[in-house]
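Asks: generate a structure from the sequence data that follows.
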Amino acid sequence: MDAGAVITILALLFFAFVALGVYVTAKVVGAAKRGVERTVTQARRTVEDTTLRAKSYGQGGVGGELAQLRLALRTSMRATQEALQAGAAEDASLSESLALFRRLSAHGRELDDELKRLEREPDRATVASLLPGLRDRTERITHSAESLRWAARDRANKFAEDDLDILSAQIDMEAGALRHWSADAPGAGPDHEAGTVADAAGSAQRTAGAPAEQFWAEPDQAPEQSAPGQQQAITARDPRRETAYPWQKSARPETSN
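Replies: The predicted structure is shown next:
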């Protein structure tokens with residue numbers, strides 16, 4: 001390969017790295033800018049809501065009622081938006097509800113802007129005459145938003161209750177299967193019960209002496225070498241002690257005289 005080709009390849013690699021760096025930088029700057037805009041918007045919304053709350057409680061007359069209408073409108077719309085967005089992430093059927101809410105939001109923003117303009121209107125008599133209509137529009141919008149919000153919550157609760165009912169039924173069936181043993185099973189009887197108690201006592205002693213990491217270790221993990229004087233982890237089951245059921249008496253290993 002001649003020097004010209006090498007220089008061309010190096011130049012292409014250089015420009016590729018530069019383009020990649022510019023792209024990554026633009027992405028990072030855009031994400032940071034959007035984060036700052038969200039933070040500023042959230043801070044502005046918080047300040048405005050606090051101001052409206054203070055006016056609604058501390059200011060009487062037309063100004064106080066306008067603040068109450070704006071606060072009720074914004075609170076209801078925000079709660080509905082959060083509920084629908086959270087539900088749509090798990091339930092795709094709420095997409096139509098979100099589309100309806102976007103249309104409702106357009107009316108809500110229009111009303112909020114109008115109420116905000118009327119707060120600065122010096123002619124309080126004219127504003128007072130408009131209050132009944134503004135109050136009616138606010139109630140209609142908030143009622144529609146609340147209908148969507150509670151319907152979405154009722155739907156989520158219904159699905160959760162149905163899933164819990166199915167899970168409870170499955171657990172009851174499993175519990176019944178675990179308790180289903182026959183009194184006529186081989187080895188059942190007083191001797192079997194005494195042996196079971198003895199085996200359970202021995203198992204409890206072994207469990208108490210075993211370290212927690214060995215007791216909770218996965219079955220396919222190799223046991224660690226224990227120090228002298230400590231209990232060794234069982235690596236394989238003795239086929240002579242194999243039992244058909246956990247409640248049967250363990251077979252005794254044969255011993256030679």
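
Asks: residue 62 contacts residue 131, doesn't it?
Replies: Yes. With contact defined as C-beta atoms under 8 Å, residue 62 and residue 131 form a contacting pair (6.9 Å). In short, each C-beta sits where N, CA and C put it, glycine included.

Asks: higher neighbour count, those two?
Replies: Shown here are residue 62 and residue 131; by other C-beta atoms under 10 Å, residue 62 has more neighbours (20 against 14).

Asks: report the separation between the more buried one and residue 43.
Replies: 28 Å (C-beta to C-beta, to the nearest Å).

Asks: kindly report the same for residue 92.
Replies: 33 Å.

Asks: check which element follows the strand or helix carrying residue 63 along the chain.
Replies: Under the criterion of DSSP states H and E, residue 63 resides in helix 61-88. Going down the chain from helix 61-88, the next helix or strand is helix 95-119, by DSSP H and E.

Asks: which neighbouring elements make contact with that following helix?
Replies: Secondary structure elements in contact with helix 95-119, counted by 3 or more C-beta pairs under 8 Å, 6 or more residues apart in numbering; DSSP states H and E, are helix 61-88, helix 124-178.

Asks: and that helix, what's buried?
Replies: With burial defined by 16 or more other C-beta atoms under 10 Å, the residues of helix 95-119 counted as buried are 97, 101, 104-105, 108, 111-112, 115, 118.

Asks: per-domain residue ranges of this structure.
Replies: 1-58, 60-158 (automatic domain parsing).

Asks: which of those domains has the lowest average pLDDT?
Replies: Of all the domains of the chain, domain 1-58 carries the lowest average pLDDT, namely a mean of 76.

Asks: need the pLDDT of residue 233.
Replies: The model's pLDDT for residue 233 equals 44.

Asks: quick check: which of the domains of the chain has the most neighbours on average?
Replies: With neighbours defined as mean count of other C-beta atoms under 10 Å, the domains of the chain peak in mean count at domain 60-158, which reaches a mean of 15.

Asks: now the end-to-end length of it.
Replies: Length of domain 60-158, first residue to last, C-alpha to C-alpha, to the nearest Å: 43 Å.

Asks: span of stretch 85-101 from start to end?
Replies: 10 Å.

Asks: could you export the domains of the chain as CSV, including distance to residue 165?
Replies: Below are the domains of the chain laid out as CSV (distance: least, C-beta to C-beta, whole Å):
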stretch, distance to residue 165
domain 1-58, 40
domain 60-158, 11
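
Asks: how about those domains, which one is nearest residue 171?
Replies: domain 60-158 (20.4 Å; C-beta to C-beta).

Asks: circling back to that earlier point, and the buried residues of helix 95-119 as TSV, adding distance to residue 157?
Replies: Formatted as TSV, the buried residues of helix 95-119 follow (distance: C-beta to C-beta, whole Å):
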residue	distance to residue 157
97	16
101	19
104	23
105	25
108	26
111	30
112	30
115	34
118	39
